[in-house]
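A.B. asks: My questions concern the predicted model and sequence given below.
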Amino acid sequence: MPPSDRSSILADTPVASNLVGGSTCAVGRDAEARLALVLERLHGLVLYETGGGREYISPNVESLLGYTAEELTADRTRFPALIHPVDAPSTLALVRRWHAQGSPGTLTMRFRVQHREGAWVWLEDRMIQVTPEQGRPYMTGVLADISLVREMEEQTVRSEERNSALVAALPDSIFLFDREGRYLDYHAGPGTRLYAPPQEFLGRRMLDVWRDHDADLHQRHLDRVFETGRMQVFEYEIGPADDARHHEVRLVPCGRERVLAIVRNITSRKRAEQAYLDAIERQRLILSELDHRLRNNLASLISLIDLTAQEESHSIRSFASLLRSRVQAMASVHTLLSRTHGSSARLGDLVRAVVPPDLVGRVQWGGPALRIIPRQAAALAMVLQELLFNSIKYGSLSAADGRVLIDWQLRDIESPGSDVHLELRWREQGGPHPDRSPRLGAGTSLLTGLVSAELNGRIDLSYPAGGADHRLSLRIAPV
């Protein structure tokens, strides 16, 4: 049948049946002409018939695919050959399966067809089988250009995929609420600790789910979003004090009757902020302590200068030597404490810091481990330095073979956190016979004053014939 002969598509219409008798021939030709004109004017919609000896396609196919109706109906293999190679197998398989089932209802397919100029056009094919009373069954259908629809669908899919990827990548939890504060939907990343399982909050109001005051806080900000149409930001804390979790909530309008809540866990940030504030506070305390110690050291230095100046019958050189040794003791304990960030000093380390390097082999010390707080460590260092200076000037260390023995014991330890009773003994050997009744001067006053005021104890100075033998009974504060 020539493609220009449109009687095939009109054969089963009432108008066409009237044409058979010829009595209304003119009316039939007019109706056929009007229908043909309609078919030619359709945009993106092509009618066709195929099979059963019928080959027809409406001429407006040329505007759709660039091929004339004659080109497509002259060779039945031409149109299938234009189907995209990716779509062709599934499309043909669908047709075969439909025929095998008896061609029931309408078969709807979507596939791409290549335009004469090379572009791909998306078509939707809706086909039905027609079984006339006389003649063989044939297929008739409509080809619709859905390229724009497909483009919009693909854009929608891409947008949804992009949005899904963005949501999946977010470290935040997302909740959708209605005006009454009812949970409509949610998203939470892997490992997120939700306030309650989803089955306990979806479909329910916040005020019914939250069991503390934070529910009112959330609802107030939610109402504020609906009132103002603006984003609301607030923070809340949940959990016990030793394991508190902090969250930031951003509520934004989502349409007219919905609000989207983006909840971010800011616990790490809050802890970092608190750690920073704690560090600032520690720095403030350290600076305050440093200022306090500096003022104390300066006051002690002035006192040492005044005390040394009270010594009788000394030259400027001896004055400088004595003052230098006392200041050196202060510097040694300061260096020792700085290594422990000012916390405390071990007694053994304190003795080692005070003893001059050239006398280390002639001074022996030992005893139980004991840590001493900074204030008492400085006082004990001054006491030890004063005893050393006296030994170097008058005692065993003034002789080539003289030596000093320092040992200590801990007595009457009551309980953890209480003062420690320290018994320290200073013995000199190998030096000149000491004066059994030495003159009491400023150095002796310094010793007794430090032991009494700072070390809460007493010192017994003894000078037997074999060498000085001093005993210190001290109360050391707990570290």
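C.D. replies: That came through, no problem. Residues are numbered from 1 along each chain as shown.
A.B. asks: Residue 263: which element?
C.D. replies: strand 258-265 (DSSP states H and E).
A.B. asks: which residues touch residue 266?
C.D. replies: Residue 266 makes contacts with 235, 246-248, as judged by C-beta atoms under 8 Å, 6 or more residues apart in numbering. Any C-beta I mention is one placed from the backbone N, CA and C, and that applies to glycine too.
A.B. asks: Mind checking which of these are buried?
C.D. replies: 246-248 (16 or more other C-beta atoms under 10 Å).
A.B. asks: can I get those residues in TSV with secondary structure, distance to residue 80 and pLDDT?
C.D. replies: Formatted as TSV, the buried ones among the contacts of residue 266 follow (DSSP: H, G, I helix; E, B strand; the rest coil; distance: C-beta to C-beta, whole Å; pLDDT from 0 to 100):
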residue	secondary structure	distance to residue 80	pLDDT
246	strand	65	87
247	strand	60	86
248	strand	60	89
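A.B. asks: Can I get those residues in TSV including distance to residue 479?
C.D. replies: Putting the buried ones among the contacts of residue 266 into TSV (distance: C-beta to C-beta, whole Å) gives the following:
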residue	distance to residue 479
246	36
247	41
248	42
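A.B. asks: List the contacts of stretch 153-166.
C.D. replies: Under C-beta under 8 Å, 6+ apart, the answer for stretch 153-166 is an empty list.
A.B. asks: Helix or strand: which one has residue 428?
C.D. replies: strand 420-429.
A.B. asks: just the buried ones among the contacts of residue 266 now: which is nearest residue 231?
C.D. replies: Set against residue 231, the nearest of these by C-beta to C-beta is residue 248 (12.2 Å).
A.B. asks: From residue 234, how far off is the closest one?
C.D. replies: Using C-beta to C-beta, to the nearest Å, residue 248 is found at 8 Å from residue 234.
A.B. asks: Also residue 433?
C.D. replies: Taken as C-beta to C-beta, the span from residue 433 to residue 234 is 85 Å.
A.B. asks: more neighbours, those two?
C.D. replies: Applying other C-beta atoms under 10 Å to residue 433 and residue 234 shows that residue 234 carries more neighbours, namely 15 against 10.
A.B. asks: partner residues bridging that one?
C.D. replies: residue 249 (DSSP bridges).
A.B. asks: What is the most widely separated pair among the contacts of residue 266?
C.D. replies: Farthest apart among the contacts of residue 266 - using C-beta to C-beta - are 246 and 248, which lie 7.7 Å from each other.
A.B. asks: Now do the shared contacts for those two.
C.D. replies: Common neighbours of residue 246 and residue 248 (C-beta under 8 Å, 6+ apart) are 235, 266.
A.B. asks: What sits closest to residue 116 if chain neighbours are left out?
C.D. replies: Spatial nearest neighbour of residue 116, chain neighbours left out: residue 66 (3.0 Å); criterion: C-beta to C-beta, 6 or more residues apart in numbering.
A.B. asks: ok, now which ones touch the closest residue in space to residue 145 that isn't next to it in sequence?
C.D. replies: Spatially, and ignoring its direct neighbours in sequence, residue 145 is nearest to residue 44 (3.5 Å; C-beta to C-beta, 6+ apart). Shown in contact with residue 44 (C-beta under 8 Å, 6+ apart): 64, 144-145.
A.B. asks: mind redoing it with 10 Å?
C.D. replies: Contacts for residue 44 were tallied using C-beta atoms under 10 Å, 6 or more residues apart in numbering; they are 60, 63-64, 121, 123, 143-148.
A.B. asks: now swap in residue 216 and tell me
C.D. replies: Residues near residue 216 by C-beta under 10 Å, 6+ apart: 206-207, 210.
A.B. asks: Show the buried residues in those residues.
C.D. replies: Among the contacts of residue 216, those scoring as buried are 206, 210 (criterion: 16+ other C-beta under 10 Å).
A.B. asks: with the contacts of residue 216 in mind, which one is nearest to residue 195?
C.D. replies: residue 210 (7.1 Å).
A.B. asks: so that closest one makes contact with residue 200?
C.D. replies: No: between residue 210 and residue 200 there is no contact under C-beta atoms under 10 Å: 11.2 Å.
A.B. asks: Would you map out the domains in the protein?
C.D. replies: Listed by automatic domain parsing, the domain ranges of the chain are 7-152, 170-265, 327-476.
A.B. asks: most tightly surrounded among the ones you listed?
C.D. replies: Highest mean neighbour count among the domains of the chain (mean count of other C-beta atoms under 10 Å): domain 327-476, with a mean of 17.
A.B. asks: can you tell me the average pLDDT over that domain?
C.D. replies: Averaged across domain 327-476, the pLDDT comes to 86.
A.B. asks: Tell me which residues of the helix or strand harbouring residue 150 come out buried.
C.D. replies: For residue 150, the element it lies in under DSSP H and E is helix 147-169. By neighbour count with 16+ other C-beta under 10 Å, helix 147-169 contains the buried residues 147, 150.
A.B. asks: starting at the chain centroid, how far to that helix?
C.D. replies: In terms of C-alpha atoms, centre = their mean, to the nearest Å, the gap separating the centre of helix 147-169 from the centre of its chain is 29 Å.
A.B. asks: Likewise for stretch 404-415?
C.D. replies: Relative to the mean C-alpha coordinate of its chain, stretch 404-415 is positioned 53 Å out (C-alpha atoms, centre = their mean).
A.B. asks: Just the CA atoms of that stretch, as CSV, please.
C.D. replies: The C-alpha coordinates for stretch 404-415 follow below in CSV (Å, rounded to 0.1, in the frame of the first residue of the first chain):
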residue,chain,number,x,y,z
VAL,A,404,80.5,15.4,104.7
LEU,A,405,77.9,12.7,105.2
ILE,A,406,74.2,13.5,104.8
ASP,A,407,71.5,10.9,105.5
TRP,A,408,67.8,11.1,106.4
GLN,A,409,65.0,8.9,107.6
LEU,A,410,61.2,9.3,107.6
ARG,A,411,59.5,9.0,111.0
ASP,A,412,55.9,8.7,112.2
ILE,A,413,54.2,8.6,108.8
GLU,A,414,50.5,8.9,109.8
SER,A,415,48.5,8.6,106.7
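A.B. asks: Next up, the contacts around residue 52.
C.D. replies: 8, 129-132, 135-140.
A.B. asks: Let me know the pLDDT of it.
C.D. replies: At residue 52, pLDDT is 85.
A.B. asks: Apart from its chain neighbours, what residue comes closest to it?
C.D. replies: Ranked by C-beta to C-beta, 6+ apart and with sequence neighbours excluded, the top spatial neighbour of residue 52 is residue 138, at 3.3 Å.
A.B. asks: how about residue 409, phi and psi?
C.D. replies: phi -140, psi 160 (degrees, to the nearest 10).
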